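Peer 1: Dropping a prediction and its sequence here:
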Amino acid sequence: MKLARLLVFAGLVLMLSGCVSVSERISDRFDLVPPKTKSFDCDKETVFLATQRALKRMDFVVTRRTAGQGVINARSGIRDTAVFGAGRQFTFEIRLRSVEPRNTEVDVRLIEILEGDFKAGATTRALRIHGLYESFFEQLERAMSDVISPVKPSL
């Protein structure tokens, strides 16, 4: 009888300890991560072209682009992880907004997709902090200078 009570108690403790990590994963999924925003002193069309060039330089594939709405989505290749058979992929969700005729704000949200972890299955989560944000904005600034003043070949 005491053994049965002990097993029931141990089972309850194990179930409740797993609920904390499950609830954290669920709340992370539905927690709205604000985009990283940067402003550029240029028109929306120029920033739109430069954004695509920056993503290409970072080896991202543009999966959706609508110039009128100022939306660009891109994905990385699938990268290996430490877990055998698992993969990681990143997607950028980018929105361009004209603030003034010659000022455009770029909102960027980075999403990580993990697959192959048999315990959790496939997971998708928006990232608040990641080095790819900085890399993207650096590449965008370089691409902006290329688009605004392209290098002309010498004759």
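Peer 2: It's in.
Peer 1: use CA for all of it now, contacts and neighbours both
Peer 2: Will do.
Peer 1: which residues does residue 105 contact?
Peer 2: If you count contacts by Cα atoms under 8 Å, 6 or more residues apart in numbering, residue 105 has them with 37-40, 96-99.
Peer 1: Could I get the phi/psi values of the residue nearest in space to the middle of the chain?
Peer 2: Nearest residue to the geometric centre of the chain (Cα atoms, centre = their mean): residue 110, 1.5 Å. Phi and psi for residue 110, reported as degrees, to the nearest 10, are phi -100, psi 130.
Peer 1: wait, what's in contact with it?
Peer 2: Here residue 110 is in contact with 90-93, 126-128, 132-133 (Cα under 8 Å, 6+ apart).
Peer 1: circling back: could the contacts of residue 105 go into CSV alongside pLDDT and distance to residue 106?
Peer 2: Below are these laid out as CSV (pLDDT from 0 to 100; distance: Cα to Cα, whole Å):
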residue, pLDDT, distance to residue 106
37, 97, 5
38, 96, 5
39, 96, 6
40, 95, 8
96, 97, 5
97, 96, 7
98, 93, 9
99, 89, 10
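Peer 1: which of these lies closest to residue 149?
Peer 2: residue 40 (15.2 Å; Cα to Cα).
Peer 1: So for the residue nearest to residue 115 when sequence neighbours are not counted, what's the pLDDT?
Peer 2: Sequence neighbours aside, residue 122 is the residue nearest to residue 115 in space, at 4.4 Å (criterion: Cα to Cα, 6 or more residues apart in numbering). Per-residue confidence (pLDDT) for residue 122: 75.
Peer 1: could you pull out the strands for this protein?
Peer 2: Using DSSP state E, the strands of the chain run over 36-40, 61-66, 71-75, 79-80, 87-100, 103-115, 123-127.
Peer 1: Go through those strands and find the least confident stretch.
Peer 2: Among these, strand 79-80 scores lowest, at a mean of 76.
Peer 1: thinking in terms of the whole chain, how far from its middle is it?
Peer 2: 16 Å (Cα atoms, centre = their mean, to the nearest Å).
Peer 1: So which other helices or strands are in contact with that strand?
Peer 2: Contact analysis of strand 79-80 by 3 or more Cα pairs under 8 Å, 6 or more residues apart in numbering; DSSP states H and E lists strand 87-100 as its packing neighbours.
Peer 1: So residue 61 versus residue 54, what's the distance?
Peer 2: 11 Å (Cα to Cα, to the nearest Å).
Peer 1: Of these two, which one has the most company?
Peer 2: residue 54 (21 against 17; other Cα atoms under 10 Å).
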